[in-house]
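Participant: everything below, folded, please.
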Amino acid sequence: MSIIVTGSIATDHLSTFAGRFADQLIPEALDRVSLSFLVDSLEVRRGGVAANIAFGMALLGQRPILVGAAGVDFADYRSWLDRAGVDTDSVVVSDELHTARFLCTTDLAGNQIASFYSGAMVRARDIELRPVVDRIEALDLVVVSPNDPDAMLRHSDECRQRGFPFAADPSQQLATMDPAQIFSLIEGAAYLFTNEYERALVMRKTGLSQTQVLDRVGTWVTTLGAKGARIERRGEPTEEVRAVPVEHEVDPTGVGDAFRSGFLTGLRWQLPLSRSAQLGCALASLVLQTVGPQEYELHPTMFVNGLAAVYGRGAAEQIAPCLPAAAV
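Facilitator: Down below sits the predicted model:
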């Protein structure tokens with residue numbers, strides 16, 4: 001059984017600004033902003049939401065199927081993902097366009113200003129999921145993560161038509177989607193992933209209440225930053241999972257993707273939802289201490305000890321046996 005992860009494949013250009021963006025903003029002049037920030041560093045890293053999620057799952061011993069579109073410069077990136085354990089056979093490669101680019105600057109307060117060039121990602125709208133499912137023969141879940149908007153809508157629609165269970169992870173694409181598109185994306189999803197801001201945006205744009213959203217999705221998982229995560233299901237008590245504390249935060253890019261990697265892997269291991277969220281929070285803490293969303297490593301003893309310190313020995317004892325043999 002397998003998880004298909006659809007979404008963006010990109011190269012991240014990450015910079016840091018030794019100040020706070022808010023200090024440079026003039027409230028009465030926000031309608032004519034013209035700012036340039038002198039940054040202290042530039043890191044070029046592999047990224048893209050789907051690729052980040054797939055990488056994290058592979059680190060935990062899974063073999064996720066990555067589905068998306070990349071460009072003429074994808075060869076080295078493909079090799080990296082293949083070696084990590086990601087199935088890249090269903091990635092469509094354009095012979096004309098470059099792989100998408102994510103350009104992001106982070107200030108001292110952890111705030112980010114980013115731009116995204118879609119490049120070859122637009123080709124993802126032409127991808128049909130049925131041939132991918134036929135190739136792998138068995139399916140647990142399709143993750144519809146940020147991508148070309150038409151691709152996201154196509155994938156969620158195909159999942160509903162063919163009865164493929166899917167998770168909706170609209171993330172930053174919510175800003176460009178209209179209410180009808182958001183309805184189409186989340187309707188019938190087994191899981192809906194958002195952060196706090198995206199949660200509010202879903203309800204404001206659609207006019208749906210919390211209860212009405214839960215009428216349309218099976219489980220709503222909201223990441224809460226340093227507060228951890230919230231899990232909601234219709235007719236069930238809300239569950240709160242606290243985050244794994246981090247002494248030195250380095251870069252928040254990809255933290256939410258790592259949470260999804262851990263949570264989805266927990267589902268594959270048939271862990272309870274709260275335990276899956278704990279695994280997600282633990283993996284996210286590793287990314288937060290690293291520059292780049294795919295540069296972190298899993299050191300099993302430290303990882304399990306960290307789980308025990310935050311969530312108790314029961315969590316460590318339940319998760320440790322599931323870790324890949326090479327890691328324990």
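Participant: can you show me the strands along the stretch 1-150 of the chain?
Facilitator: Secondary structure of the stretch 1-150 of the chain (DSSP state E, counting those that start in this stretch): strands at 3-6, 10-16, 41-47, 65-67, 69-70, 92-93, 100-106, 112-117, 141-144.
Participant: so where is the protein shaky, pLDDT-wise?
Facilitator: Where the chain drops to pLDDT under 70, the residues are 1, 325-328.
Participant: strands of the stretch 201-328 of the chain, residue ranges please.
Facilitator: For the stretch 201-328 of the chain, the strands defined by DSSP E, counting those that start in this stretch cover 219-223, 229-232, 239-241.
Participant: which outside residues touch the last one?
Facilitator: Pointing back at strand 239-241 there. 228, 229, 230, 231, 232, 273, 274, 277, 278, 281 (Cβ atoms under 8 Å, 6 or more residues apart in numbering). Where C-beta positions appear, they are placed from N, C-alpha and C, glycine not excepted.
Participant: ok, back up a step: and residue 261, which of the strands of the stretch 1-150 of the chain is closest to it?
Facilitator: strand 3-6 (9.1 Å; Cβ to Cβ).
Participant: direction included, what does the closest one pair up with?
Facilitator: Its sheet considered, strand 3-6 pairs with strand 65-67 (parallel), strand 141-144 (parallel) by DSSP bridges.
Participant: give me phi/psi at residue 195?
Facilitator: phi -100, psi -180 (degrees, to the nearest 10).
Participant: host element of the nearest residue to residue 168 once chain neighbours are set aside?
Facilitator: Once flanking residues are discounted, residue 168 sits nearest to residue 189: 4.0 Å by Cβ to Cβ, 6 or more residues apart in numbering. Assigned by DSSP states H and E, residue 189 falls within no helix or strand.
Participant: touching, residue 189 and residue 213? I think so.
Facilitator: No. Residue 189 lies out of contact with residue 213 (Cβ atoms under 8 Å); the separation is 10.0 Å.
Participant: neighbour count winner among those two?
Facilitator: The residue with more neighbours, out of residue 189 and residue 213, is residue 189; 24 against 19, by other Cβ atoms under 10 Å.
Participant: pull the number of nearby residues for residue 112.
Facilitator: Here the count is done by other Cβ under 10 Å, and residue 112 has 15 residues near it.
Participant: tell me which residues form a beta bridge with it?
Facilitator: Residues in a beta bridge with residue 112, per DSSP bridges, are residue 106.
Participant: centre-most residue in this protein?
Facilitator: residue 257 (2.8 Å; Cα atoms, centre = their mean).
Participant: any idea how far that one is from residue 292?
Facilitator: 12 Å (Cβ to Cβ, to the nearest Å).
Participant: how about residue 271?
Facilitator: Remark: distance between residue 271 and residue 292 (Cβ to Cβ) = 27 Å.
Participant: please apply the same query to residue 100.
Facilitator: According to Cβ to Cβ, residue 100 and residue 292 sit 16 Å apart.
Participant: how about residue 169?
Facilitator: 20 Å.
Participant: who's more crowded, those two?
Facilitator: Taking neighbours as other Cβ under 10 Å, residue 169 and residue 292 compare with residue 169 leading, 30 against 19.
Participant: what's the neighbour count on the residue nearest to residue 152 when sequence neighbours are not counted?
Facilitator: Nearest residue to residue 152, sequence neighbours excluded (Cβ to Cβ, 6+ apart): residue 144, at 5.4 Å. Counted by other Cβ under 10 Å, the residues lying close to residue 144 total 30.
Participant: next up, the contacts around residue 144.
Facilitator: 6, 7, 152, 155, 156, 159, 166, 167, 168, 169, 185, 189.
Participant: swap the cut-off to 10 Å and go again
Facilitator: Contact analysis of residue 144 by Cβ atoms under 10 Å, 6 or more residues apart in numbering lists 4-7, 50, 67, 129, 151-159, 166-170, 185-186, 189, 193.
Participant: please enumerate the helices of the stretch 201-328 of the chain.
Facilitator: Assigned by DSSP state H, counting those that start in this stretch, the stretch 201-328 of the chain shows helices spanning 210-214, 255-268, 273-288, 300-311, 313-319.
Participant: for residue 30, which of these is the nearest?
Facilitator: helix 255-268 (26.7 Å).
Participant: then that closest one to PDB, C-alphas only?
Facilitator: Taking Å, rounded to 0.1, in the frame of the first residue of the first chain, the C-alpha atoms of helix 255-268 are listed here in PDB:
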ATOM      1  CA  VAL A 255       8.400  22.900   8.900                       C
ATOM      2  CA  GLY A 256       4.800  22.400   8.000                       C
ATOM      3  CA  ASP A 257       5.800  19.900   5.300                       C
ATOM      4  CA  ALA A 258       7.800  17.900   7.800                       C
ATOM      5  CA  PHE A 259       4.800  17.800  10.100                       C
ATOM      6  CA  ARG A 260       2.700  16.300   7.300                       C
ATOM      7  CA  SER A 261       5.500  13.800   6.600                       C
ATOM      8  CA  GLY A 262       5.300  12.600  10.100                       C
ATOM      9  CA  PHE A 263       1.600  12.600  10.400                       C
ATOM     10  CA  LEU A 264       1.100  10.700   7.100                       C
ATOM     11  CA  THR A 265       3.700   8.200   8.100                       C
ATOM     12  CA  GLY A 266       1.900   7.700  11.400                       C
ATOM     13  CA  LEU A 267      -1.200   6.900   9.500                       C
ATOM     14  CA  ARG A 268       0.700   4.300   7.500                       C
END
